[in-house]
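# Quick one: sequence and predicted model below, then my questions.
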Amino acid sequence: MTDNQVCDLSDRNCEPCQGGIPALSLDEAKATMNELHNDWLLSSDGKEISREFKFKGFARAVQMANLIAWVGDRQGHHPDIGFGWGYCTVKFTTHEISGLSTNDFICAAKLDQIVDKS
């Protein structure tokens with residue numbers, strides 16, 4: 001982390017993205033992955049991060065989908081969520097720039113902070 005990033009990603013808030021900024025490079029995305037839970041995956045093209053949660057049943061998967069939606073809505077940065085019996089998946093990308101931004105990692109870190117404490 002640089003001196004400007006002294007706090008954890010989970011302590012930061014998303015900033016509105018209206019395009020005009022470059023997406024993180026593959027190397028930048030790989031480096032930032034180190035700040036997330038090990039279950040996060042970086043797509044091979046470096047444009048998306050995803051995580052899958054496993055459960056025994058449907059209700060817990062729905063609860064996780066709602067939690068993910070709540071985090072995204074609070075940050076104004078909305079992920080793609082999929083769920084069904086026994087699973088919930090989340091994918092973050094910044095559609096406006098067709099790739100990853102710091103906002104994606106902030107939301108993932110905030111989700112990690114909530115999920116990994118429970």
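Looks like it came in fine.
# Counting by contacts, list what the helix or strand hosting Trp70 packs against.
Trp70 belongs to helix 59-75 when assigned by DSSP states H and E. In terms of contacts (3 or more Cβ pairs under 8 Å, 6 or more residues apart in numbering; DSSP states H and E), helix 59-75 is packed against strand 80-84, strand 87-92, helix 102-115. No exception for glycine: its C-beta is placed from N, CA and C like everyone else's.
# Kindly reformat those as CSV and extend each row with distance to Lys47 and mean neighbour count.
CSV is the format used below for the helices and strands packed on helix 59-75 (distance: least, Cβ to Cβ, whole Å; neighbours: other Cβ atoms under 10 Å):
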stretch, distance to Lys47, mean neighbour count
strand 80-84, 12, 15
strand 87-92, 10, 20
helix 102-115, 10, 21
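# Tell me which of the ones you listed lies nearest to Asn38.
Taking Cβ to Cβ, helix 102-115 is the member of those nearest to Asn38, at 10.0 Å.
# and that closest one with strand 87-92, angle?
Angle of helix 102-115 versus strand 87-92, following axes from the mean of the first three to the mean of the last three Cα atoms, to 10 degrees, is 150 degrees.
# between helix 102-115 and helix 59-75, how many degrees?
Using the same axes, to 10 degrees: helix 102-115 against helix 59-75 is 140 degrees.
# tell me which strands and helices helix 102-115 is in contact with?
Contact here means 3+ Cβ pairs under 8 Å, 6+ apart; on that basis helix 102-115 packs against strand 49-54, helix 59-75, strand 87-92.
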